[in-house]
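[1] my questions are about this predicted structure, shown below with the sequence.
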Amino acid sequence: MPQDLLSLPTHRALARLAWPLVVLGVLRASTLLVDSWFVGFLGTDALAAIAGCAFAVWILGSLTELAGTGTQTLIAQAVGGRAPAATLRRIGAQGLLVSVAVAIAVVLLVPASGLYFDALGIGAAARPLGIAYLDVSLLGAATLLIQGALVGVYRGIGDTRAAMAISGLALAANAALDPLFMFTLEGGIAGAAWATVVANGLGAAVAFGDLARRGMTPLAPVDLPSVRRIFAIGTPLAAQGTAFSLVYVALGRVLAPFGAAPLAALGLGHRVESLPYLFCLAFEMGVATLVAQHLGAGDVAGARRAGHAAARFAAAAMLPFGVVLFVGAAPAFRVFTDDPAIIAAGVTYLRIQTVVWWAMAAESVYTGAFAGIGRTVPPLLVNGSLSALRIPMAMLFAHHLGADGVWIAIGASTLLKGVVLTSWWTFAPDLQAPRDRLAQ
């Protein structure tokens, strides 16, 4: 049943919501790692192929938020407004409908998978293997997208532990099915993708059954206003995630003239940053539910205060991460490599970023806060434009400072995003969400 979050202090409510979402993020990020581990037994070309799929898989993950975040926001607003269970079922059903529509659009991309690998410049031997993995992932994306919509229901009612459990089940099933599909059934690298598709389907089925047991079966007639609202909320966030990935492809080109070490340092730096980033993402999802429930209860001032309190809490949580990794930057990179050039570049990169992690936390929290009121265009405008600004900034700074200029451009844009979104949330004259037929 929906969680009573508004009666708790903001920091306690956010902590209750966020820690399972951190685990959920780790589990989701581990899916490709599990596939990669088994694919490694197929040889170097297969491993290169699945590595080449990482960008496309990231975009698929962003697309899950199209239905997931919109469903979460509308359900959380309904929960805050004490709407009946029938309303929650109706919204959940529209989220499923949106996920199916997105899945159909994704399937239409299958003929373009070869063009994706051509643009990536992957080797000739790895190309057909990558296409085999990606085609199956696109064909079976419905199971991932439907699971994402159902997880959005759990996030909306505040039961993030159930969302975590569903993702954990899917990951465990994926690990168990990989050797069956790849080796026993001789599916090879495509078998790894089929294992993921089936595992996500199992997670979706369990989630659907659990919601039915709670009296929240997400089945109802089509409600076009709710469908449009889910698309309106989720589309800017999906576009934001996709654009973010494309910016890093461009930054890789800026770094290329400085040799392989800075490129490797950037990739490894992202791995080192993954845990604090997942914390920020958890705060983003958690505050979206909290703000939406306040708004649904008619407490607009409480929604604004919840956003600010969550930002302070998240920024404070980044402090120990920043101190530890600023001091221990070199040992952190030595976990992955003993190349002194990579370590030197990585230490500079990481130390610059740790200084602005509080701004990364603010960026994530206020992105979630705006999602909670159903207005995701402001974060898209800020995050999209300032992420894109990294490219000309990086080109300019790199001309004078080399690879260090790219690190400074990334840090400066992170700082700007955090400050601008904080200001927008603080001075926005009206945070009232557009009226929806939530109580019907």
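    Everything's here; your move.

[2] from what I can see Leu6 touches Gly80, true?
    Yes: between Leu6 and Gly80 there is a contact at 6.8 Å, judged by CB atoms under 8 Å. All C-beta atoms are positioned from the backbone trio N, CA, C, and that covers glycine.

[3] quick check: phi and psi at Arg214.
    For Arg214, the backbone dihedrals are phi -80, psi 0 (criterion: degrees, to the nearest 10).

[4] over to Gly187?
    With angles defined as degrees, to the nearest 10, Gly187 sits at phi -90, psi -10.

[5] isn't it right up against Pro179?
    No: with contacts counted by CB under 8 Å, Gly187 stays clear of Pro179, the gap being 10.5 Å.

[6] those two: which is more packed in?
    Legend: neighbour count by other CB atoms under 10 Å for Gly187 and Pro179, higher for Gly187 (18 against 15).

[7] from Leu177, how far off is the more buried one?
    Gly187 is 10 Å from Leu177, where distance means CB to CB, to the nearest Å.

[8] just Leu380 next, same as before
    Relative to Leu177, Leu380 is positioned 36 Å away (CB to CB).

[9] compare neighbour counts for these two and give me the winner.
    Leu177 (22 against 19).

[10] my guess is the more buried one contacts Ala195. True?
    Yes: in this structure, Leu177 is within contact of Ala195 by CB under 8 Å, at 3.8 Å.

[11] ok, longest helix in the chain?
    Taking DSSP state H as the criterion, the chain has its longest helix at helix 260-296.

[12] what's the closest non-adjacent residue to the residue sitting nearest the centre point of the chain?
    Nearest residue to the geometric centre of the chain (CA atoms, centre = their mean): Ser62, 5.7 Å. Spatial nearest neighbour of Ser62, excluding adjacent residues (CB to CB, 6 or more residues apart in numbering): Gly241 at 3.1 Å.

[13] and that neighbour, what does it touch?
    Applying CB atoms under 8 Å, 6 or more residues apart in numbering to Gly241 gives the contacts 58-59, 61-62, 65.

[14] in the longest helix of the chain, what's buried?
    Of the residues in helix 260-296, 261-266, 268-269, 272-273, 276-296 count as buried by neighbour count, 16 or more other CB atoms under 10 Å.

[15] for the helix or strand containing Ile391, what is the distance to the chain centroid?
    Per DSSP states H and E, Ile391 falls inside helix 377-401. In terms of CA atoms, centre = their mean, to the nearest Å, the centre of helix 377-401 is set 20 Å apart from its chain centre.

[16] and it, average pLDDT?
    Summarised as a single mean, pLDDT over helix 377-401 is 92.

[17] okay, the angle between that helix and helix 260-296?
    Here the directions of helix 377-401 and helix 260-296 differ by 160 degrees (axes from the mean of the first three to the mean of the last three CA atoms, to 10 degrees).

[18] and the helix or strand just after helix 377-401, which residues are buried?
    Where DSSP H and E defines the elements, the next helix or strand beyond helix 377-401 is helix 403-427. Going by neighbour count (16+ other CB under 10 Å), the buried part of helix 403-427 is 403-418, 420-422, 424-425.

[19] and helix 403-427, what other elements does it pack with?
    When contacts are defined as 3 or more CB pairs under 8 Å, 6 or more residues apart in numbering; DSSP states H and E, helix 403-427 sits against helix 224-255, helix 260-296, helix 300-327, helix 340-355, helix 357-372, helix 377-401.

[20] returning to what we had before: could you say what helices and strands the helix holding Ile391 packs with?
    Other elements packing on helix 377-401 under the criterion 3+ CB pairs under 8 Å, 6+ apart are helix 224-255, helix 357-372, helix 403-427.
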